[in-house]
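[1] Next come a sequence and a model predicted from it.
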Amino acid sequence: MGQSISNTTQEAIVKETNKLKLVVDNTASAGKEPPEGDNWLARLETGTVFLCKEKNSANFILAQFALLEKIEDSSRLLSYIQPVDVHGLFVDNNRFCNRFTYVDTLGIINSDSEEKEVDKG
């Protein structure tokens, strides 16, 4: 089984999120499997709060997620954009990384529900 952070930590994160809505159209792939690409999501540490942006989009808004759990080729993310329950949502790493480009790490959530800043050199 993969690594995960506690439900208490997840609840604390959810309480602090802004409730913005993002509409995602999943019809574009229509049954096709994504090609193997850069699976940057698999390289992040559990608890990482990160920013990403939709590829090939003129949209200037960045999406913020927290990586709650890693399970083989999938991950459980907490979305700071679309309100979801405290358990997060499971994503296919390849599909997610094919749709979004990693931008930056904001911090790491530890098991004490504290967020620490990442030293960027």
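    Yes, it's here.

[2] use CA for all of it now, contacts and neighbours both
    Fine.

[3] Return the residues in contact with residue 62.
    The contact partners of residue 62, taken as Cα atoms under 8 Å, 6 or more residues apart in numbering, are 51-54.

[4] Apply 10 Å and report the result again.
    The contact partners of residue 62, by Cα atoms under 10 Å, 6 or more residues apart in numbering, come to 50-54, 81, 100-104.

[5] out of the residues you listed, which one sits closest to residue 70?
    residue 50 (14.8 Å; Cα to Cα).

[6] Can you name the residues in contact with the helix or strand where that closest one lies?
    Following DSSP states H and E, one finds residue 50 within strand 48-54. When contacts are defined by Cα under 10 Å, 6+ apart, strand 48-54 is touched by residues 41, 44, 59-69, 77-80, 96-110, 115-118.

[7] ok, which stretches of the protein are helices?
    In the chain, the segments counted as helices under DSSP state H are 7-15, 40-43, 93-99.
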